[in-house]
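K.L.:
sequence first, then the predicted structure:
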Amino acid sequence: MNKITFLATNRNLTVGSYRIWIDDLSYYLKEIGIGCSITGDPSVALNDDSDIVICAKSDASWAPLIKKANRKKKIGVINLSADSNVRADFVIVGSIEEKISLSHHDHVFLYPLIERMFQEPSDYKMHADKERIRIGFHGSYTHLCKFDFGLKSALEKFEQKHNMELLVVTSNPSYQWDTGRPDIKNIIIKKWNHGTVKEDFLSCDIGIVPNVTNLDFKDLDIGTSVDLGLFNTDYILRFKNKSNAGRAFVFHQLGVPVVADITPSNIHILGNPKNGFVAGNSRSWLKGLDELSDYKKRQEIADSAKEEFDRLYSPLVWAENLYKNIKEI
């Protein structure tokens, strides 16, 4: 049986890449019987008797040094930048989008962003009729500008028909949010806090997940061609290579129904309309929100999405598959 050492000099649970791919993943690997330890000391990773060393995102530079000192060890790196010149035996990523962008590496393995802190069945939300609907967003402040591509307008129109408030849980609540900020009465902005974030998410009735930049065909110097299958009704989207469904997953886990944009990874669950709604412009965002204005519909959608999430994203199954892939290198 192989032994795995995780190297993380920054063991901060507020850092998603550490929390999910080291703290949570090591827990699930132990659950399936794999020996794991976490160290913040590079000398331990260099000199211990482990067969596999997995370096945190911020410790990627240690990977080639550990490999040079221990040719028999299999060395991995988590969430490596696509333009990094660091080489390792394998890379762990959180989405198909990211896996494709790192395909110049020999071995790229997917372990989705499954958050253990949101897996407790007792935390699952039961929806009720409410006077005010709370719509929730969480994520980096850099995603807030993405409201500009249809979601801003949809929220403004939704407020005209429903008593609503927007809860924004983000990494930098003091950020001067101008681009994409909806002109609505009730916006609450809170800092992401490990101790209160679950309570914040459970207070939401609808989750929204904007990510892509939807470019306007009219503003781009792009021609059309019937022969090439290029039309002025085409989608023109831009999204980060590290795009993933993690922000939608949290809502699925907690029983909050989701309207998300057409980031590819979102479609694995939301491609079935029983599980939620996919949006790409103001009309589609508004249609999804309107559908979920009824609390019975919210419960129905949330329950279906949770069932599909549990079927597709068992952390034990994904941990076992990851370990199997590493062993086969």
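P.N.:
Done, it's in. These numbers come from a predicted model, not from an experiment.
K.L.:
pull out the buried residues from whatever helix or strand residue 25 lives in.
P.N.:
Counting by DSSP states H and E, the element that carries residue 25 is helix 25-31. Across helix 25-31, burial judged by 16 or more other C-beta atoms under 10 Å covers 25-26, 28-29. C-betas here are computed from N, CA, C, even on glycine.
K.L.:
okay, now the domains of the chain?
P.N.:
Listed domain ranges for the chain are 3-114+314-327, 118-311 (source: automatic domain parsing).
K.L.:
including mean pLDDT, could those domains go into a markdown table?
P.N.:
Shown next, in a markdown table, are the domains of the chain (pLDDT from 0 to 100):
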| stretch | mean pLDDT |
| --- | --- |
| domain 3-114+314-327 | 96 |
| domain 118-311 | 96 |
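K.L.:
quick revisit: nearest to residue 285, of the buried residues of helix 25-31?
P.N.:
Using C-beta to C-beta, residue 25 comes nearest to residue 285 of the buried residues of helix 25-31, at 33.7 Å.
K.L.:
now do the buried residues in the longest helix belonging to the chain.
P.N.:
Taking DSSP state H as the criterion, the chain has its longest helix at helix 295-312. Neighbour-count burial for helix 295-312 flags 298-299, 301-306, 308-309 (criterion: 16+ other C-beta under 10 Å).
K.L.:
check stretch 192-204 too.
P.N.:
192, 197-198, 200-201, 204.
K.L.:
with just CA atoms, put that stretch into PDB.
P.N.:
In PDB, the C-alpha atoms belonging to stretch 192-204 read as follows (Å, rounded to 0.1, in the frame of the first residue of the first chain):
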ATOM      1  CA  TRP A 192     -16.400  34.800   3.400                       C
ATOM      2  CA  ASN A 193     -15.800  33.500   6.900                       C
ATOM      3  CA  HIS A 194     -15.100  29.800   7.600                       C
ATOM      4  CA  GLY A 195     -17.200  29.900  10.800                       C
ATOM      5  CA  THR A 196     -20.300  31.500   9.300                       C
ATOM      6  CA  VAL A 197     -20.300  30.700   5.600                       C
ATOM      7  CA  LYS A 198     -22.600  27.700   5.900                       C
ATOM      8  CA  GLU A 199     -25.200  29.700   7.800                       C
ATOM      9  CA  ASP A 200     -24.900  32.400   5.200                       C
ATOM     10  CA  PHE A 201     -25.500  30.000   2.300                       C
ATOM     11  CA  LEU A 202     -28.400  28.200   4.100                       C
ATOM     12  CA  SER A 203     -30.100  31.600   4.500                       C
ATOM     13  CA  CYS A 204     -30.400  31.800   0.700                       C
END
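K.L.:
can you tell me what sits against it?
P.N.:
Contacts of stretch 192-204 with the rest of the structure, by C-beta atoms under 8 Å, 6 or more residues apart in numbering, involve 13-14, 117-118, 123, 125, 134-136, 138, 167, 169-171, 190, 207, 250-251, 254, 256.
K.L.:
can you select the buried ones from the residues you listed in ChimeraX?
P.N.:
The following ChimeraX line selects those of these that are buried, judged by 16+ other C-beta under 10 Å:
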select :117,118,125,134,135,136,138,167,169,170,207,250,251,254,256
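K.L.:
quick one: the residue of the chain most remote from its centre and residue 235, what's the gap?
P.N.:
Centroid-distance maximum for the chain: residue 227 at 37.6 Å, with C-alpha atoms, centre = their mean. Noted for residue 227: a distance of 20 Å to residue 235, by C-beta to C-beta, to the nearest Å.
K.L.:
and what of residue 185?
P.N.:
Note on residue 185: its distance to residue 235, by C-beta to C-beta, is 33 Å.
K.L.:
and what of residue 44?
P.N.:
From residue 44 to residue 235 the distance is 49 Å (C-beta to C-beta).
K.L.:
of these two, who's got more company?
P.N.:
Under the criterion of other C-beta atoms under 10 Å, the comparison of residue 44 against residue 235 puts residue 44 first, with 15 against 11.
K.L.:
for the more buried one, which non-adjacent residue is spatially closest?
P.N.:
residue 5 (6.9 Å; C-beta to C-beta, 6 or more residues apart in numbering).
K.L.:
now for residue 145: which residues touch it?
P.N.:
Counting by C-beta under 8 Å, 6+ apart, residue 145 makes contact with 179-180.
K.L.:
residue 136 is in contact with residue 256, isn't it?
P.N.:
Yes - using C-beta atoms under 8 Å, residue 136 is in contact with residue 256, at 6.9 Å.
K.L.:
what do these two both touch?
P.N.:
201, 204-207.
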